[in-house]
Structures are given as C-alpha cells and as structure tokens.
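**Q** sequence? don't have it. structure:
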C-alpha cells in the first residue's frame, strides 16, 4: 500500500504548468507529459509541502462552495502517489 | 476519408527534437543518424534555432529535446537551453556526456535545464570503449556523478544488441549504483548506421527472451526505486510498433540543416520533399506541408492495413522500415505478421541465429563504425 505524506509535495521529477495552446494544466517529466483534468490540477497546485491534506480539502470545498470532497481528494492523492507524482 | 484532413483537425506537435549537429566524438555502429551525414554539414544558427523554438512553442509543443550527434559540440547550447526554458519548454539534453564539464553543467542548471539523458554503450569499460570506438567509459562515469551532484533526474540510455544483451543484469546493477531514476534499455532499431550493421548487431531470439526475463526479475526486486523501460526489438514481434505515435501526430524533428522531419529516419524515404524551417514557417510545415500530411489518417493505407482492426493503434507501423525492407513505403511494416513480406523479417532473425551457431558472431564482416570517412564512402553514388 502506497502512503503519501500528510503534507504532500510534487516530486522533483515533475513540473506542472499551464499550456496556453491546449488550455489545460500538464505535468511534464523527462520526455513525457500528463494532461491534467481541472480538478486534478487544483489538487496538485496545493501539493507544495506546506498544505496538509485537511487544508487542501478545506480550500477546495471553499473554492467550489461544496462539501464532501475528502474522498475524491484522498483517492486522487493515492493514485498520484502510486504514479510517483507526489511524495 | 480521402481528402486531406482540414487544418483545424490537426493536433499540435508536443515534442520538438532539435538535432543540433551531426558532429559526434563517438563512432557507434548503431547510430541512427543518416549514413551520408558528412555530405552536408550545414547547421542552423543560434538565431534560427531560437525562431524555430518560439514557433513550435506557439503551436503547442511542450517538450524540447537537444540531440545530435553530440549537442555539447555546439558552443551555443547553453543559450539554446536558456531560451527553451524561457519559452516554457521542458528541456531535455540527450548526450553521450562527452564535453559535459562542471562549468557547462552549472551554467545550464542555472538557465533552467530540466533533464539530462546520458547514454552508455555497456556496463564494461572494454565493451563501452569498443562500441563507441573511443576511451570514454571513465569519463562517462564521472559525468554520471556530476548529473547526480546537480540533482537532476537521471535517465540512462543503453542501446542493446548482440554484443551486450547478455550484460543486461550488470547494466542494471551499474544504473542502480549510479542512482539512476529511469533506465532505458533500448534494443537497436535498424535505421542509419544500425541498418548497415544489422547482420552483426542482430541478437538471437534466445538472447532477447533471456534479457527480458532478467529485466522482469530485476523489476520485481527493485520496485519503484528505478523504472526500467525495455523496448523489445520489433524484428522479434508479430505486430509493428506505433512508430512516432503516428506520422505527424506528436513528433516534430528538426535536422541540423533545418529540415523538418516526422521521424528521425524519414529522409531515407524516396520521393518526399521535406520542408526546411529556413524557407517555411513551423505552423505551415506541421499543418499544411505535403510531407507531414503524407501518412496522416488512413487514406494512404493499402491492404492489409486498410481493413485492419489495429490500424488506429499501430498506424501500419514504420514507414521507413516498410521502405527499407520491402521497397514500398506505403505498405505494411513487414514486422507485422499480416504483411506478405513478414517472412523476410523472420529470415533475417533466423540468419542471425545461424551465423552465431556457426561461430561467426559477425566477425567475418567487421562492424562499420560511424566516421566521417565511412560516411563519405557511403555518400558516393
């Protein structure tokens, strides 16, 4: 079982940036690229080693004016951890 | 669809490969550069490269590779890296390591170089130095240390063939000791110099299968610490590779003289005039040129590709390989078992087996090392 830090941070193997030509956020890594959905990008933006998972959930629930995002955020963080995007 | 695709339907290139120069201090007999590279030594200027990079970035390219030849032979490499990063590219340096001094590396790090892919020819000094026809193993090992010291993600690339496939376990151990994050074990693809040397480089099926077993066992043992990419040599397959993920789909290569190519080897194809960035804009080349539209979509396909369920997955395989092995660039890649020429590919593999069984490990026909002299010989009519 892969565990992610309580204050997740993007791995130094990846760089996240906005791609104006495609209108999406992407994760760039050596000779490759992952296209991110809007929700994935909003979570990853907050994976800066300073936000706890609780803080990420709080911020997103406020930003979107809704509750119940915790399961989605935790699911995404688990997958992102398995893929090595975050530590 | 028989009409050319409308321009709006053409997705942007994602990967700009800048082949800065065909000059190289190494002499590898499996190099994919054109065999006749010595005939035209024209290279784009710094300003011309800046312009190409800007245009490709506007079009949507996100990955930028600096390759060659040996890109470190360009004195302006640092400037090109800095401009690429400034434009928002993820910048990749693809190098033999020869010429990568600490001052140059420090400068490129400061300018934002994202990643370095270092090539080794083998895990042993003797084989590395034999294959590259240079004494460079110790130098490369020092460069690997520098790359780690500057906290780069470390990607090690080793081209595999008959002479080093049996060393795969030691190569993996070497990579682990170096702290490599991605190890690319790339079986030789037979283009350029590698095609000239195919009879000598072709492994046996047993070698390939044994190496694959070793790789799988190592993967299970080391887990996520190092990711190993093992590309099975396509001559041993029944289905062709999705070459370049489709012609004119994601890859835009620019040769040293500015020729725009949908794959590194495309200039081997007859009857296609590849546009040059010195004459035509990158957007017009990508979207509108006859060369880049030549094998987009599936209207160009013949039987058996045209009615094949896999045509949107493998795009009929590699055009350059179809031409090199069958004389018809529009036919199925003969690696495919559905190709009427598939038997020729199997015969090449069987021949390699027999030559090795007969104790003729290629020695009777020596390897042709990549060199200016050999290139000029090849370029003669």
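**A** Thanks, I have the structure now. The structure presented is a predicted model; accordingly, all values stated were derived computationally and were not measured. Numbers count the residues shown, from 1 in each chain, chains lettered A, B, ... in the order given.
**Q** Neighbours of residue 36, how many?
**A** No chain specified, so I'll use chain A. 20 (other Cβ atoms under 10 Å in any protein chain shown). C-betas here are computed from N, CA, C, even on glycine.
**Q** meant chain B, my bad for not saying
**A** There are 15 residues near residue B:36, going by other Cβ under 10 Å.
**Q** My read is that it contacts residue B:372, right?
**A** No - using Cβ atoms under 8 Å, residue B:36 makes no contact with residue B:372, being 11.0 Å away.
**Q** what's the closest non-adjacent residue to the residue in the stretch 101-250 of chain B positioned nearest to chain A?
**A** For the stretch 101-250 of chain B and chain A, the shortest gap (Cβ to the nearest Cβ) falls at residue B:115, measuring 4.3 Å. Closest residue to residue B:115 apart from its sequence neighbours, by Cβ to Cβ, 6 or more residues apart in numbering or on different chains: residue A:30 at 4.3 Å.
**Q** And the pLDDT at that neighbour?
**A** Looking at residue A:30, its pLDDT is 85.
**Q** ditto for the one 4 residues further on
**A** What the model reports as pLDDT for residue A:34 is 94.
**Q** repeat for residue B:177
**A** At residue B:177, the pLDDT recorded in the model is 90.
**Q** Pull up the residues of chain A that are close to chain B.
**A** Within chain A, the positions near chain B by Cβ under 8 Å from any Cβ of the partner chain are A:12-13, A:15, A:17, A:19, A:21-22, A:26, A:28-33, A:84.
**Q** I'd like to know how far residue A:80 sits from residue A:16.
**A** The gap separating residue A:80 from residue A:16 is 11 Å, by Cβ to Cβ, to the nearest Å.
**Q** Looking at the two, which one has more neighbours?
**A** For residue A:80 versus residue A:16, neighbours defined as other Cβ under 10 Å are more numerous around residue A:80 (24 against 17).
**Q** Just give me the neighbour total for residue 23.
**A** Let's take chain A. Neighbours of residue A:23 (other Cβ under 10 Å): 7.
**Q** My question was about chain B, not that one.
**A** So residue B:23, with other Cβ under 10 Å, has 17 neighbours.
**Q** mind checking the SS state of it?
**A** The local conformation at residue B:23, judged by DSSP: H, G, I helix; E, B strand; the rest coil, is coil.
**Q** isn't it right up against residue B:75?
**A** No - taking contacts as Cβ under 8 Å, residue B:23 lies outside contact range of residue B:75: 11.8 Å.
**Q** For my notes, confirm residue A:27 occurs in a helix.
**A** No - Residue A:27: not assigned to a helix; according to three-state DSSP it is strand.
**Q** can you pull the contacts of the closest residue to it other than its chain neighbours?
**A** Excluding the flanking residues, the one nearest residue A:27 by Cβ to Cβ, 6+ apart is residue A:34, at 4.2 Å. Contacts of residue A:34 were listed using Cβ atoms under 8 Å, 6 or more residues apart in numbering or on different chains, and they are A:26, A:27, A:85.
**Q** Closest one of those to chain B?
**A** residue A:26 (6.4 Å).
**Q** I'd say that closest one and residue A:40 touch.
**A** No - Residue A:26 is not in contact with residue A:40 according to Cβ under 8 Å; the separation is 10.4 Å.
**Q** more neighbours, those two?
**A** Neighbour count, other Cβ under 10 Å: between residue A:26 and residue A:40, residue A:26 has more, with 21 against 18.
**Q** Can you tell me the SS state at the most centrally placed residue in chain A?
**A** Chain A has residue A:44 as the residue nearest its centroid, 2.1 Å off, counting by Cα atoms, centre = their mean. Secondary structure, three-state DSSP: residue A:44 is helix.
**Q** what's the closest non-adjacent residue to it?
**A** Using Cβ to Cβ, 6+ apart, the nearest residue to residue A:44 is residue A:16, at 5.7 Å.
**Q** Distance of that neighbour relative to chain B?
**A** To chain B, residue A:16 is 11 Å away according to Cβ to the nearest Cβ, to the nearest Å.
**Q** List the backbone torsions phi and psi for that residue.
**A** phi -100, psi 130 (degrees, to the nearest 10).
**Q** For it, give me its contacts.
**A** A:10, A:25, A:26, A:27, A:28, A:36, A:41, A:44, A:45.
**Q** rewinding a little: which one of the residues of chain A next to chain B sits closest to residue B:40?
**A** residue A:31 (27.6 Å; Cβ to Cβ).
**Q** number of nearby residues for residue B:225?
**A** 10.
**Q** how many neighbours does the residue of the stretch 101-250 of chain B closest to chain A have?
**A** Neighbours around residue B:115, by other Cβ under 10 Å: 24.
**Q** and it, bridged to which residues?
**A** Listed by DSSP bridges, the beta-bridge partners for residue B:115 are residue B:92.
**Q** what's residue B:153 in contact with, if anything?
**A** Applying Cβ under 8 Å, 6+ apart to residue B:153 gives the contacts A:12, A:13, A:29, A:30, B:115, B:181, B:182.
**Q** and the gap between it and residue B:84?
**A** Plainly put, residue B:153 is 17 Å away from residue B:84 if you go by Cβ to Cβ.
**Q** And for the residue in chain B that chain A sits nearest to, nearest residue in space, chain neighbours not counted?
**A** Nearest to chain A, among the residues of chain B, is residue B:60, at 3.4 Å (Cβ to the nearest Cβ). Ranked by Cβ to Cβ, 6+ apart and with sequence neighbours excluded, the top spatial neighbour of residue B:60 is residue B:12, at 2.9 Å.
**Q** Doesn't the one you found lie inside a strand?
**A** No - under three-state DSSP, residue B:12 falls outside any strand and is assigned coil.
**Q** For it, list the residues it contacts.
**A** Counted by Cβ under 8 Å, 6+ apart, residue B:12 has contacts A:21, A:22, B:59, B:60, B:61, B:286.
**Q** quick one, phi psi at it?
**A** phi -70, psi 160.
**Q** Test for you: state the pLDDT assigned to it.
**A** On the pLDDT scale, residue B:12 is placed at 92.
**Q** Then residue B:98?
**A** pLDDT, residue B:98: 93.
**Q** likewise residue B:136?
**A** Reported pLDDT for residue B:136: 86.
**Q** Excluding chain neighbours, give the residue nearest to it in space.
**A** Residue B:136's closest residue in space is residue B:98 (Cβ to Cβ, 6+ apart), at 6.0 Å.
**Q** tally of neighbours for that neighbour?
**A** Residue B:98, neighbours per other Cβ under 10 Å, totals 18.
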